[in-house]
Structure formats: C-alpha cells, structure tokens
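[1] please find the sequence and the predicted model below.
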Amino acid sequence: MSDELKCKQQAAVLKEADRVMGICNACRYCEGICALFPAMELRRTFTAGDLNYLANLCHNCRGCYYCCQYAPPHEFQLNFPQAMSALRAQTYEQTAPGFLKKLFPNNAFYVFAVSLVATILLTAVSLCASGPSVFFGAHSGSGSFYKIIPYGAMLLVFCLAGLFALVALLRGVIAFWRISDGKLQWLDLAAHKKAVRDVLTLKYLDGGGDGCNYPDNRFSMIRRQFHHAVFYGFLLCLASTSVAFIYDHAFGWPAPYGFFSLPVLLGTFGGLGLLAGTGGMLWLKTVMDARPADPASTGMDMAFSALLFLVSLSGLLLLVFRSTELMGLLLCIHLGLVLGLFLTMPCGKFVHAVFRYAALVRNAHEQRTGQV
Amino acid sequence: MSKKQATLDHISTDVLVIGGGNAALTAAITARELGLKVLVLESSPIEVRGGNSRHTRNIRYIHDAANSFLTGPYLEEECYNDLLMVTKGNTTEKMARLVIRGSHNVGDWMTAHGCRFQPAMRGTLHLSRTNAFFRGGGKGLINAYHETCRRLGVQVMYETEALDLEVANGTCTAVHAQGPKGEYLIRLRSVVLASGGYQGNRAWLREAWGPTADNFLIRGTPYDKGVMLKAMMEKGAKTIGDPTQGHCVAIDGRAPKFDGGICTRLDCVPFGIVVNKDGRRFYNEGEEFWPKRYAIWGRLVAGQPDQIGYVFIDAKSINLFMPSVFPPLESDTVGGLAEQMGLEPNAVEETVRAFNASTKPGSFNPGELDGLATEGLDPPKTNWARPLDTPPYYGYTLRPGITFTYLSLVINEQARVVQQDDTPFNNIFAAGEITSGNVLGQGYMAGFGMTIGTVFGRLAGKEAATCLMN
Ligand SMILES: Cc1cc2nc3c(=O)[nH]c(=O)nc-3n(C[C@H](O)[C@H](O)[C@H](O)COP(=O)(O)OP(=O)(O)OC[C@H]3O[C@@H](n4cnc5c(N)ncnc54)[C@H](O)[C@@H]3O)c2cc1C
C-alpha cells in the first residue's frame, strides 16, 4: 500500500473514532460499564493522542454495543467496539519500528511464516549438527536436551530473541506513550498499584458486574475466565522457565526435570491454562456475534492465540514424550515456536498487554487527580 | 378466509401483551410469573425493540433509605408534591397516588428481573436522590427484561403490529395483527395494551397541532403510532388528556427525524440568547436552570415562525454545558454567524447590541441562579446575562422534540380500560404511555414515564392474569 493511501486510511480510522466518541460524550449512558467512558467524560474534544489512549483502554467487552441506542441500524451507525478495535490495531502498527510495521497488515500470515521458518531452521540445524542417530534417539537423564541443541547455542539464540522482544516492546510502549500525548502520569506509583490490580483481576471485563457480552448479547464471565487462563498460564510458564534457568545456571542442574519438580509443575499447569485459555478464545472468536468486531483485527487476534496454543501443546507433548525417540523433533518444534513467539511479540497482538497496562496507569492517574 | 390466515388462526394465548417497551415487558413478566401463557407483540424489528423505553436512563421511585445508587430517602408526600408542582395540579390524585405508592422500592423488583443500577451520572446529580439510573441506559434494561422473558418462557413476536381488536359486550376475544409473513388472528383471554403514545404518527400530530407538526422532531421510536389508542377510541373507550399535551422539549435542530434520543439535547440556552427566524428574542433564556426549563422551550420554539430557534453563545460559555452531539457553527462575528445560519445579519446584530447594552456588571455563576439580569430589556434575561462579546461566537438551531404524547385511555385502579359510560371493559388492560394522561395532565417530572410504565405494567399484568384465574 502506498504511503499516501496508508495515511488516508489512518486518518479515516481516527476520524471514525472521533465521530463515535462525540456521540458517546453527548449521551453518556455507558458510564457504568467500564473505565473508558468516565475517562472520555473528562474531555470535551478529542485529540488524536486522546483517541489513541482511549482505544487502548477499551477491553472489547462489547457491553456498550448491546446497550447502544445508536448502534446499527440507527442512522448514526455507532459501533463503538469496532471503532476502538480498528484504532487499537492502528496504534500497534504505528508504534512498531520501521520494517516491522509491514508485518501488521496480513499479521496472521507473518506470525505463522516467522514461526514456521524458525521451527524448520532450528530443526534442520539441530538435525545436521547432532546427526540423525542422536536426533532420533531416545535420551534420558539430565542434560539430554543439550544433546539435541547445545547449551551455548540455546542460550545465545533465546537470550538474543528475548532481548529483541523486550527492547522492541519497550520501544513500542514509549512510542505509544508519545502518540497518545502521555505526560508524566507514569511516575504515579498509586496509579501503578491500581493498574496492577485492574490487570490481575481483569476488572474491565466484568462489564460493571455481570461480565461481558460474549458470545452474544447475554452477559457472561466466559471471556474473562479464558483470558485469566491465558494470562496466568503465561505467567506460570514464564515462572517455570525462570526457575529452570536458575536451576541450570545457578545450581548447575540442567533440564529435563522430574515430573514433580518445580519447573515442570509450573510449566504443566501453565501449559494447560494456556491451552484451555487460548483454545477458548479461539472458539469464542468463531462463535461470537461478528457485528461489533473489527474484521481487520481478527487475523491478528487469532494468530496470537493460535501460536500460544501451539507453543503450549508442543511443550506438553514434549513433556510426555521426552524419554522417547520423538524428543528431538518435539524439542525443536517447541523451541522453534517459542522463538517465533518471541520474534513476533512486538509486531502482533502481544503488544496489547503492554499498551493496555500503560493506558490503565494513565487512567488510574487521571481518575485519582481528576486531571487529564 | 385465505389459506394463510386459516393456518395462522391457531395462534392463541391466555394473555396478549401489545407493545415491547417497559410497560409491556413488566406486564408480560408479571402475568407469566402467575403461571399464564403470555404472548408479546412488538411492532419493531428486534434490533430496535423497546420503543421509547430503550432511550431512557432512569426511573423515579419512592424509597425509605439511601442505597448504593440512591443518595437518600424519597417518600410519598414529597413525590406527590413534586408531581403537583410540575403538572400545576393537573393530575388525578387517586391515580397519581396509586402510581407513587406502587413505585415503593420497585427497584428491588427490577433488580430481581435483571435490571442493574448505577449511581447518577455526572451532570445529573440533581436527580441522584430521587431517580435510579440504569446501567447501560434503557436499552440495557430492555435487554435484561427480554432475557428474563426468554427464561420464563414468554413468547415474543417481532415486526408484528396489532391492527385491531375484536370486542363484543366489553370483552376482547381476538386481535388482528400484521406480521412479516402475513396477517394473524390471535385469540386471547385477556389483553394488555402497552403500545405507547401516538407521537410516531405524523398525520395524527398534524390533526392536533396543524401543519406546524411537520417540523417536530420525534425523540423516540417511530413505532408508537397510536394504532391501539385509536382502535380503542373506536370501540368506545374513554380518553383523558388534550391531544396537544405531551413532553415536548427543545433539541438540536439537526437531530434525526426519529430516534435521536438523549444525545440531541442542548444545554447551552441559559448561557446565551435565543432568537427566532426574524432575529428577535422571544423568551427569558435565564429564567431557571435548564433541566427545569428545557421542557417549556419545546412549546416556545413550536410557537415561533417555522418552529425554529437559534441559540447564540460566545467563547466565554462554550465549555459550560454538556458537549453537544453536533458541533456548533462558529464565526468571529455575530453577523457572520447569523449569515451561516441563514438569518438576516443586521437584525441579529441589532438584537445582540440591544441585549449587550442592557447587561450589567456583576458576578456570574453557572452553578446557581446568580441574578445577573438585564435591565430594561423585553423579554428580560434574569440570570446568567453576560454580554456576547468574546469571539468566536457559536450557534445552534433549536427544534421542538416530542418525547411522548399524553392523550390516553382512562384506566381504573386495576389498570382496566374504562368505557365511555364509565364501566370498565372486562379483560382489556393498559399501561405505560398509553395511560400517562391519567397522571400527567401537563408538565413532566424526570423519570416518571418509567414509573408509570412499571407500576401500571405490573398492575395490568397481574390483573390480566388474575381475572382469568377466578
Ligand atoms: C429520548 C428519551 C429519553 C427518555 N428518558 C426517560 C427517562 O430517563 N426516564 C423516564 O422515566 N422516561 C424517559 N422517557 C420517557 C419514556 O421513554 C416513556 O415514558 C416510557 O418508555 C414509556 O414506556 P411504554 O412501554 O409505555 O412505551 P414504549 O417504550 O414506547 O413502548 C411501546 C412499544 O409498543 C410497540 N408498539 C406500538 N404500537 C404497536 C402495535 N400496534 N402493535 C405492536 N406493538 C406496538 C412499540 O414498538 C414499542 O415497543 C424518555 C423518552 C425519550 C424519547
């Protein structure tokens, strides 16, 4: 797409967000549903920065769509969650570093391409390096993973990939702060405290008490529960990896670990949570009422859930089959997918976690001080 | 009889509820909970179900104590006095007290049937003690009631408009309706009419108001056409209320013809001046706080040539009121703004000059009746009268917006529709806007439309059910 066309398209997305926000700010019936509407009410007009921020405060619970007197077929054609989703996706794209911007349109394709290439490369290199007899052999005992991928190589590749993801995400959230006209709100400790609580409880997926509107206009906690499963599953897996790292590097106890060891327990529960959560999210996407959704964001959302699903599935399979001949292949697939996850983190749905947190901090600050 | 109708003849129900708003659904739920088979006819498609009720945001009801969304007690006498004040005594005490008493703690019943409340919204804090606000507004409430109906097994037919009733000897036996697939004849044992006012019927409005009615905007649903009201009048029902009475407010002239809802209100009048098509002022813009006056401005504007008014404010006031849904017109000169609005610039400039000359220095306070008044001006502006002197100037147009009409069927204390000879029909009940004239002779009290609908709705549902059980 030409730059000029892109610019026009981005302006149109902002303009639509501004239009719907103008109607909502004159109506205000949704004030009790989530954090966004009270934040909106602190303003009379909306700069691009305001809109970028507010769009990321939206948790896409869709409560406002179903109780909107101006939703289609009303001539105002007000589709608030859709306008917010479109703008949110745009902020992800705008804040990505130069060449990574290109990965946003057709995001699903790139996420899969990158993960596939990473998996194939890792498998091919390991196969060549270790030789078929080792690669397809059954191993047991500690350090057996390093027979497939040598310790140094594994450390180097994943440290680099992790560093890349971290730096890119940090850069992204700074850029987000900039395009949403953020000021020094991020220095407010009380706001961080409130935001952390909002994140841990997923406060704004409760629709004001009865849950959000998935898969249809009835209230339910199902999306919140699936999201919790993903979130806490992810944290457990992260904890598992960190513990394993400490075991290996501080105590010199290399993986694999016993079924009842801490890293494996954490990883197993985390993996199961991720599997259920991402599976549930994917299922919801397929059965939900599509009207309030932004069709252009669906690919990105699904790709992220699907990749996490595959990462946890391969991880669990690896656990089950780690003392068989399948270990080598499963290890490479699992690590390849994890590599794909790291590499696509800053240019896919994952950024929503960071931006949402930033938006929640800013919101907590605004509500605490009454100042925008 | 056509073959189609022959098959449709089979529709039959114990209680038929005509309408799909607050009054209808509360009646349907109540009758169903008493164990009867209930069918609801809603003339609108599912997406815009709920009539005017889906545009509401609160209900007024009496309660003994504060709770998480009401800031203090509100008792019968206070409520009744409030009603006397707004209607200037033009109410029926017996029916008014019936509604007020029936509303006692009705929020509990509503919560038990799916409604969720929230504290009063910013900008409506003056109602925080008396009115309970629905989370997600009236559409949220309607969705909740529909979910309750589904759970209870109330059948709802959308896009199905009741056209006429078969009534003999004071008893209704069937209703003719038009649905998406053809005509239905629905046999019933009792019927609740909850089909709203007649404000969606432009021809009828014209009959009452004359051709000026063509310039009225209808704030709510186009589906309230008064079909049942007219049908019952033909069947000898007694009516109450003047057909030109109703809730009529001044709203943004650019609002849609129908269903503009709440967001088209304009709260800037007290901070500026309002002129008519000829560029002349016609009423005291600063008489009272806007929430207490916006309902008289509908009639005021309706009385002006072409039923239009033009508000002018200046840069000093642009941030003093709730944001408007449509941005104002803007100009650096009063004349320029007048021209943009299609007014004679000289006439408006002259009006503004005269107005500015009559303003006095003093302290301006939008939060109270500040007494900052004009001197020697006719009509005067008795509060908030600051000169219009700071560009840019902003302008809005005003049109009369009809909320709902009061012409109603007379009902008795069982919500039974009354015949012209004052005897009630045997099995015809009514609730909601179609009965509002029993309580509201003129004027309006915020949140009372939903009170009338909920109290009469529950009463009608109960009586329509119990009259079949004896
Ligand atoms: C913008 C706006 C805001 C308002 N805000 C408030 C508020 O905050 N608080 C308050 O108390 N009041 C408010 N009101 C007034 C309130 O809407 C009404 O008093 C109340 O909703 C009336 O309820 P009802 O059930 O009688 O009528 P409605 O809700 O209008 O329902 C009538 C129903 O009957 C259906 N119908 C009509 N004719 C037929 C037919 N022949 N066959 C089948 N179905 C038919 C219609 O489709 C509709 O569903 C507001 C009104 C408007 C327009």
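    Thanks, I have it. Bear in mind that the values here come from a model prediction, so they are computed numbers and not experimental data.
[2] ok, now which ones touch the residue lying farthest from the centre of chain A?
    Residue farthest from the centre of chain A, counting by C-alpha atoms, centre = their mean, is A:Ser133 at 38.8 Å. The contact partners of A:Ser133, taken as C-beta atoms under 8 Å, 6 or more residues apart in numbering or on different chains, number zero. C-betas here are computed from N, CA, C, even on glycine.
[3] for whatever residue of the stretch 201-350 of chain A ends up closest to chain B, list the residues it contacts.
    Closest residue of the stretch 201-350 of chain A to chain B, C-beta to the nearest C-beta: A:Gly208 (5.3 Å). Shown in contact with A:Gly208 (C-beta under 8 Å, 6+ apart): A:32-34, A:63, B:116, B:118, B:135-136.
[4] let's go with 10 Å and repeat that
    Applying C-beta atoms under 10 Å, 6 or more residues apart in numbering or on different chains to A:Gly208 gives the contacts A:30-34, A:61, A:63, A:219, B:116, B:118, B:135-136, B:140.
[5] most neighbours of all these, which one?
    A:Gly63 (30 neighbours; other C-beta atoms under 10 Å in any protein chain shown).
[6] how close does it get to A:Gly211?
    9 Å (C-beta to C-beta, to the nearest Å).
[7] can you pull the residues of the stretch 351-470 of chain B lying near the ligand?
    Within the stretch 351-470 of chain B, the positions lying close to the ligand (C-beta under 6 Å from any ligand atom) are B:403-404, B:432-433, B:447-450, B:453.
[8] select from the residues you listed every entry located in strands.
    B:403-404 (DSSP state E).
[9] pull out the buried residues from the residues of the stretch 351-470 of chain B next to the ligand.
    B:403-404, B:432-433, B:447-450, B:453 (16 or more other C-beta atoms under 10 Å in any protein chain shown).
[10] pLDDT added to the residues you listed, as a markdown table?
    Below are those laid out as a markdown table (pLDDT from 0 to 100):
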| residue | pLDDT |
| --- | --- |
| B:Thr403 | 95 |
| B:Phe404 | 94 |
| B:Gly432 | 98 |
| B:Glu433 | 97 |
| B:Gly447 | 95 |
| B:Phe448 | 97 |
| B:Gly449 | 97 |
| B:Met450 | 98 |
| B:Gly453 | 98 |
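[11] nearest to A:Val311 among these?
    Of all those, A:Val311 sits closest to B:Met450, with 52.0 Å by C-beta to C-beta.
[12] so how far is stretch B:268-276 from its chain's centroid?
    24 Å (C-alpha atoms, centre = their mean, to the nearest Å).
[13] for the ligand, what's the nearest residue on the stretch 151-300 of chain A?
    Here the stretch 151-300 of chain A gets closest to the ligand at one residue, A:Asn217, 17.3 Å apart by C-beta to the nearest ligand atom.
[14] hang on, that residue in a helix?
    No. With DSSP: H, G, I helix; E, B strand; the rest coil as the criterion, A:Asn217 is coil rather than part of a helix.
[15] just to revisit the earlier point, which residues do A:Gly63 and A:Gly211 both contact?
    Contacts common to A:Gly63 and A:Gly211, judged by C-beta under 10 Å, 6+ apart, are A:205, A:219.
[16] hmm, back to that, mind checking the SS state of the residue farthest from the centre of chain A?
    helix.
[17] what about it, distance to A:Gly328?
    Distance from A:Ser133 to A:Gly328, by C-beta to C-beta: 10 Å.
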